[in-house]
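Peer 1: give me coordinates for this.
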Amino acid sequence: MSSKPFILLGKEIPKGKTTVLDLEVAKLHTRTTVKVPIIVERAKKNGPVVLLLAGLHGDEVNGVAIIREIIAQKINKPNRGTIICIPVFNIFGYLIQTREFPDGRDLNRVFPGSPNGSLASQFAYQFIENIAPFVDYVIDFHTGGGDKENIAQIRCHENEAETMKLAEIFNPPFIIHSDYISKSLRETLNKMKKTVLLFEGGKSKNFDPKIISHGVRGTKNILTHLGLIEGTIEKTIDPIHLKKTKWLRAPYSGMFKLNVKNGTFVKKKEVLAVILDPFGDFKKKVYAPFDGYIFCINKTPIVNKGDALFHMSNEDESEE
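Peer 2: Numbering: from 1, shown residues only. Predicted coordinates:
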């Protein structure tokens, strides 16, 4: 490992020190500067640089809670290497509990950004230029958007051996074999040759203790495996790999009543839910079109025709 100075946002991070930096996002019309706090812990011994990032979508608070616990438990203090924590990436959305940036953009669809683009694009550009080049590994914490609840899962590309190995070490209930989404942070970091794990769990605007526990335990496993912290890798689950997945959508509009729990295996033609009108005229069943695991459920009480209800694996197709 090189012993050259580690400089981030123009500031040298000394070995064995804690440093809190601010990534300036923008200035409000009130002239107030909006900054994103970045907590850097550098060990005295050289090693990999790991970034733990949450709150890319401002209303996805489980990831924020995971990194908060990691800091509170001092898991982010390495024996070697450097751990960078960004608990709240989209500070705008977090303050008012919305997914988007103030310009209405989804920050996770504008990377690598532009110095002269929209506010979200400019912020993405600052991160890609000033933070991303200096990290080796990234764990990006997410939560189901809107009323959708995700079971704890790691998403990664099945053709990347190192990423799949790390996903197993993280040890979530499910590992989803997932392609890259254009202009997402994950895709952009991959193009920069960074190793990225994307964690999903729970639903927006909701703290889920079980999801938070999965995230903390999995992160400890990764940091232990990479040699940043001492400890034992804790494997409590045999992760289930899901390769072929599909969204099931509402065939009718109405009141939505669930019959199944998230994370369960269902058989073809099993009744997953019923959709009812508020006047007692109809009751329509929603059937599983194939065998598979449900790993995301819409928890809204009322749905419109075409709304995504369940994300599930297609085990019939997987066996072909």
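
Peer 1: quick one: the strands in the stretch 201-320 of the chain?
Peer 2: Using DSSP state E, counting those that start in this stretch, the strands of the stretch 201-320 of the chain run over residues 240-242, 245-249, 254-258, 265-266, 271-276, 283-287, 292-298, 302-303, 308-313.

Peer 1: which parts of the fifth one are buried?
Peer 2: Buried residues in strand 271-276, counted by 16 or more other CB atoms under 10 Å: 272-275. Where C-beta positions appear, they are placed from N, C-alpha and C, glycine not excepted.

Peer 1: which elements pack onto the lengthiest helix in the chain?
Peer 2: Looking across the chain with DSSP state H, the single longest helix is helix 209-225. Helices and strands touching helix 209-225, by 3 or more CB pairs under 8 Å, 6 or more residues apart in numbering; DSSP states H and E, are strand 45-54, helix 61-72, strand 137-144, strand 148-156, helix 161-170, strand 195-203.

Peer 1: tell me what the second one is packed against?
Peer 2: With contacts taken as 3+ CB pairs under 8 Å, 6+ apart, helix 61-72 sits against strand 45-54, strand 80-86, strand 137-144, strand 195-203, helix 209-225.

Peer 1: swap in 10 Å and give it another go.
Peer 2: The criterion is 3 or more CB pairs under 10 Å, 6 or more residues apart in numbering; DSSP states H and E, and the helices and strands that helix 61-72 contacts are strand 33-42, strand 45-54, strand 80-86, strand 137-144, strand 195-203, helix 209-225.

Peer 1: for stretch 213-230, what is the distance to the chain centroid?
Peer 2: 16 Å (CA atoms, centre = their mean, to the nearest Å).

Peer 1: to clarify, my last question referred to stretch 230-245.
Peer 2: 16 Å.

Peer 1: same question for stretch 99-114.
Peer 2: 16 Å.

Peer 1: list the buried ones in that stretch?
Peer 2: Buried residues in stretch 99-114 (16+ other CB under 10 Å): 99-102, 105-108, 110-113.

Peer 1: filter those residues down to just the ones in strands.
Peer 2: Of those, none are assigned to strands by DSSP state E.

Peer 1: low-confidence ranges, this protein, go.
Peer 2: Residues of the chain meeting the criterion pLDDT under 70: 1-3, 317-320.

Peer 1: pull up the gap between residue 179 and residue 245, please.
Peer 2: Noted for residue 179: a distance of 11 Å to residue 245, by CB to CB, to the nearest Å.

Peer 1: looking at the two, which one has more neighbours?
Peer 2: More neighbours surround residue 245 than the other of residue 179 and residue 245, with 18 against 10 (other CB atoms under 10 Å).

Peer 1: give me the number of residues near the closest residue to the more buried one other than its chain neighbours?
Peer 2: Nearest in space to residue 245, with sequence neighbours left out and distances taken as CB to CB, 6 or more residues apart in numbering, is residue 313 at 5.3 Å. If you count neighbours by other CB under 10 Å, residue 313 ends up with 24.

Peer 1: all further residue positions should be reported with the first residue as 377.
Peer 2: Done: numbering now begins at 377, and the last item shifts to residue 689.

Peer 1: nearest residue to residue 421 other than its sequence neighbours?
Peer 2: That would be residue 456: by CB to CB, 6+ apart, it lies 3.8 Å from residue 421.

Peer 1: circling back to that earlier point, next one: the residue nearest to residue 621 from residue 641, what distance?
Peer 2: Taking CB to CB, one finds residue 689 at 9 Å from residue 641.

Peer 1: tell me, what's touching the two both at once?
Peer 2: 616, 667-670 (CB atoms under 10 Å, 6 or more residues apart in numbering).

Peer 1: out of these, who's nearest residue 637?
Peer 2: Nearest to residue 637 among those, counting by CB to CB, is residue 670 at 7.9 Å.

Peer 1: ok, the buried residues of stretch 475-490 vs residue 535, which is closest?
Peer 2: Residue 535 has its nearest neighbour among those in residue 487, at 21.2 Å by CB to CB.

Peer 1: isn't that closest one up against residue 502?
Peer 2: No. Taking CB atoms under 10 Å as the definition, residue 487 is not a contact partner of residue 502, at 11.3 Å.

Peer 1: cheers, nothing more for now.
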